[in-house]
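Trainee: Sequence first, then the predicted structure, then my questions.
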Amino acid sequence: MRLYTVHVRRHGPEADSDLVLIKEGFCWPAFFLGPLWALWHRLWLAALVLLVAGLALGGTGMALRLDGLSQGAVAAGFAAIVGFVANDLRRRGLARRHFTLAAVVSGAGREAAEWRFLDGEPELAAELSR
């Protein structure tokens, strides 16, 4: 079973974006794609920071004349950090867009967790189905 945080925005501009579930734990897409992942989730500032930090680490590695293995280890370490904090960055971005944390639910997958949440919130389920 996976844990998901449920974020709700009532009276939002788009009916299909009023409910967002974010998985707890490591984010593999952010690990591999970094700034592109952040852009996909409309985290503009995070994308810029990730890009600049990645370029700075690469430039520093070249300035220190690190060998390829060492530069790869630094890049992998940076990507791992991004993977661990990515879902928290997403939660902060949703909070800035007026989403509120509604619950923490578990499920075998995202859809099962969403059903479990909506089963306990029939008013919200009816509002979202309109």
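Mentor: Looks like it arrived, so ask away.
Trainee: So which residue is smack in the middle of the protein?
Mentor: Centroid-nearest residue in the chain, with CA atoms, centre = their mean: residue 87, separated by 3.2 Å.
Trainee: Test my guess that that one contacts residue 22.
Mentor: Yes: counting by CB atoms under 8 Å, residue 22 is a contact partner of residue 87 at 5.3 Å. Glycine gets a C-beta too; all of them are placed from N, C-alpha and C.
Trainee: Return the set of residues that bridge with residue 3.
Mentor: Judged by DSSP bridges, the bridge partners of residue 3 are residue 106.
Trainee: is it true that it touches residue 87?
Mentor: No: taking CB under 8 Å as the definition, residue 3 is not a contact partner of residue 87, at 10.7 Å.
Trainee: Report back the residue of the protein that's furthest from centre.
Mentor: For the chain, the residue at maximal distance from the C-alpha centroid (CA atoms, centre = their mean) is residue 65, at 33.7 Å.
Trainee: Mind naming the longest helix for the chain?
Mentor: Using DSSP state H, we find that the single longest helix of the chain is helix 68-96.
Trainee: Against which helices or strands is that one packed?
Mentor: With contacts defined as 3 or more CB pairs under 8 Å, 6 or more residues apart in numbering; DSSP states H and E, the packing partners of helix 68-96 are strand 2-8, strand 19-23, helix 28-33, helix 35-40, helix 44-63.
Trainee: any idea how far residue 30 is from residue 19?
Mentor: Between residue 19 and residue 30 the distance is 21 Å, computed by CB to CB, to the nearest Å.
Trainee: neighbour count winner among those two?
Mentor: The neighbour comparison of residue 19 against residue 30 (other CB atoms under 10 Å) goes to residue 30, with 27 against 22.
Trainee: can you pull the contacts of the more buried one?
Mentor: Residue 30 is in contact with 37-38, 82-83, 86-87, counting by CB atoms under 8 Å, 6 or more residues apart in numbering.
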